[in-house]
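Undergrad: Quick check, what structure comes out for this input:
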Amino acid sequence: MNTRREVFNKLFKESKTELSAQKIELKSLDVLKRKAKYLTAWVQTGTTIAREYESLEKRRKSMLGRLQDEFYAYGKDIKDVEKALNDLGIKDTPKEVIKAKSLLKEVSRAANGLKL
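TA: The predicted structure is shown next:
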């Protein structure tokens, strides 16, 4: 009778051990699945952000190019007006030219800030 008990005890304990091991394996698999789902979502979000950044970067470069073209054209216009005033012998600088030069400096500072 002792032998039977020992056999039953061993069988029962081994079953428990196997079930515990399976339970741990299932828990580990659940953790892996949950983390994989999180990481997949993170990668998708990161990819979306990267695309948006690239789009904004292209737009920023385009805007800077247009701003630079307009900046140089505006500066040339100011010089042309100053030359015309000088050719006419007008010594006093009109306030429109002073404001234009001030705006040109402001645009220059803003453009330098955008290039960072």
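
Undergrad: which residues touch the helix or strand containing Gly113?
TA: Following DSSP states H and E, one finds Gly113 within helix 95-114. Residues outside helix 95-114 that contact it (Cβ atoms under 8 Å, 6 or more residues apart in numbering) are 60, 63-64, 67-68, 71, 74-75, 77-78, 81-82, 85. Using the backbone N, CA and C atoms, a C-beta is placed for each residue, glycine as well.

Undergrad: any chance of these in a markdown table, plus pLDDT, neighbour count and secondary structure?
TA: Shown next, in a markdown table, are those (pLDDT from 0 to 100; neighbours: other Cβ atoms under 10 Å; DSSP: H, G, I helix; E, B strand; the rest coil):
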| residue | pLDDT | neighbour count | secondary structure |
| --- | --- | --- | --- |
| Arg60 | 85 | 12 | helix |
| Met63 | 86 | 12 | helix |
| Leu64 | 83 | 14 | helix |
| Leu67 | 85 | 15 | helix |
| Gln68 | 87 | 13 | helix |
| Phe71 | 89 | 16 | helix |
| Tyr74 | 92 | 15 | helix |
| Gly75 | 93 | 15 | helix |
| Asp77 | 94 | 12 | helix |
| Ile78 | 93 | 16 | helix |
| Val81 | 93 | 15 | helix |
| Glu82 | 93 | 16 | helix |
| Leu85 | 92 | 15 | helix |
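
Undergrad: residue ranges with poor pLDDT in the protein?
TA: For the chain, the stretches flagged by pLDDT under 70 are 1, 4, 7-24, 26, 114-116.

Undergrad: hang on, the earlier thing: quick one: the helix holding Gly113 to chain centroid distance?
TA: Centre-to-centre, helix 95-114 and its host chain are 29 Å apart (Cα atoms, centre = their mean, to the nearest Å).

Undergrad: Dump it to CSV, keeping only the CA atoms.
TA: Extracted C-alpha coordinates of helix 95-114, given in CSV (Å, rounded to 0.1, in the frame of the first residue of the first chain):
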residue,chain,number,x,y,z
LYS,A,95,10.6,106.4,-45.2
GLU,A,96,9.4,103.7,-47.6
VAL,A,97,13.0,102.9,-48.4
ILE,A,98,14.0,102.9,-44.7
LYS,A,99,11.0,100.6,-43.9
ALA,A,100,12.0,98.3,-46.8
LYS,A,101,15.6,98.0,-45.5
SER,A,102,14.3,97.3,-42.0
LEU,A,103,12.0,94.6,-43.4
LEU,A,104,14.9,93.1,-45.4
LYS,A,105,16.9,92.8,-42.1
GLU,A,106,13.9,91.2,-40.4
VAL,A,107,13.5,88.7,-43.2
SER,A,108,17.2,87.9,-43.1
ARG,A,109,17.0,87.1,-39.3
ALA,A,110,13.9,84.9,-39.8
ALA,A,111,15.5,83.0,-42.7
ASN,A,112,18.6,82.4,-40.7
GLY,A,113,16.4,81.0,-37.9
LEU,A,114,14.6,78.6,-40.2
